[in-house]
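*Asks:* sequence plus predicted model, see below.
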Amino acid sequence: MNEPAILELMNATVIKNDVRALDGVTLRIPPRQHTAIMGPNGAGKSALMQLITFQERPVPHADGSPSLRVLGRDLWHVFELRPRLGVVSSDLHHRFVNGNSHGRIRAIDAVLSGLFGMHGLTPPDAVTAHMREDARLALDRMDAAHLSSRFLDEMSTGEVRRVLVARALVTTPTALLLDEPAAGLDVAARHRLMTSMNRVAEAGTTLILVTHQVEEIVPAISHVVLLKDGRVVADGQRREVLTDLQLSRLFEIPVTLSEHRGYVQAVLA
């Protein structure tokens, strides 16, 4: 039996404030195809994130056919989808560090909350020894086991980000959806996070990275999609899409790319 695609968009359109945030997008990401979706601000990346996580719905097709499938289905209850699609975003970071109504939270408890679909402390009697072991293993995968007992509001931004990726991994999801995961990180913290994420991808979890920073594209990512003005302008193998010409057209400024050990850097030409 064939595995369902992680994501399928079939001529999908999203309208926000009378503007087509996504305009007839067709895209397919099969299992284990680690993919980066790149675009400048206003390209439609946020609308795409909201579509994949069912926070937004596409404009219905006239014939009633679906324009969106995630893991083979066009309808999901959000609590049913969460364990299968791990999501890490700046909004999640804010909820845990700045907006947590349950007060301060330790790394191990933040990771455990992913098993319950919560953003705060879980009832102690609901947490089993097996769950605690899963949480510790998830932290270890992100090189964050030493942070287990630390409070998130005492950590650096990079440390918090690794804990939140561990939270997304604790349910052993089919895919990991990352929205600009290295935003706000210095060079060292970004490298440590991306190295850990690359190991996760190599271990078999499908990575979908949504970003406008080429430096976030880890070596395991083999496929790149370019978004501009709500449309897909390029979709293909990394070596074919991630070129000086393609990136210069995307950002409307001359760009030169260089690569070192699978990591890419962009400078203005």
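*Replies:* Happy to help now that I have it.
*Asks:* only C-alpha atoms for contact and neighbour calcs from this point on.
*Replies:* OK.
*Asks:* so who does the closest residue to residue 104 other than its chain neighbours touch?
*Replies:* Residue nearest to residue 104 in three dimensions, not counting chain neighbours: residue 151, with 6.6 Å by Cα to Cα, 6 or more residues apart in numbering. With contacts defined as Cα atoms under 8 Å, 6 or more residues apart in numbering, the neighbours of residue 151 are 104-107.
*Asks:* could you identify which of those has the most neighbours?
*Replies:* Counting neighbours by other Cα atoms under 10 Å, residue 107 leads these with 30 neighbours.
*Asks:* name whatever forms a beta bridge with the most centrally placed residue in the chain.
*Replies:* Compute the mean C-alpha point of the chain, and by Cα atoms, centre = their mean the closest residue is residue 178, 1.4 Å away. Bridge pairing for residue 178 (DSSP bridges) gives the partners residue 88, residue 209.
*Asks:* now do it against residue 63, distance only.
*Replies:* Going from residue 178 to residue 63 by Cα to Cα, to the nearest Å gives 33 Å.
*Asks:* again, but for residue 216
*Replies:* Residue 216 is 39 Å from residue 63, by Cα to Cα.
*Asks:* more crowded one of those two?
*Replies:* Shown here are residue 216 and residue 63; by other Cα under 10 Å, residue 216 has more neighbours (22 against 6).
*Asks:* my guess is residue 174 contacts residue 87, does it?
*Replies:* No - using Cα atoms under 8 Å, residue 174 makes no contact with residue 87, being 11.3 Å away.
*Asks:* which one of these two has more residues nearby?
*Replies:* Higher neighbour count among residue 174 and residue 87: residue 87, with 22 against 18, using other Cα under 10 Å.
*Asks:* mind checking how far the more buried one is from residue 269?
*Replies:* Taking Cα to Cα, one finds residue 87 at 34 Å from residue 269.
*Asks:* how about residue 63?
*Replies:* To residue 269, residue 63 is 47 Å away according to Cα to Cα.
*Asks:* what's the end-to-end length of stretch 141-161?
*Replies:* End-to-end distance for stretch 141-161, by Cα to Cα: 13 Å.
*Asks:* repeat that for stretch 237-246.
*Replies:* Note: stretch 237-246 ends 13 Å apart using Cα to Cα.
*Asks:* element containing the closest residue to residue 143 other than its chain neighbours?
*Replies:* Leaving aside its chain neighbours, residue 143 sits nearest to residue 196 (6.8 Å; criterion: Cα to Cα, 6+ apart). Using DSSP states H and E, residue 196 maps to helix 187-202.
*Asks:* for that helix, what is the distance to the chain centroid?
*Replies:* 13 Å (Cα atoms, centre = their mean, to the nearest Å).
*Asks:* who's in contact with stretch 245-253?
*Replies:* Residues from elsewhere that reach stretch 245-253, judged by Cα under 8 Å, 6+ apart: 39-40, 226-228, 254-255, 268.
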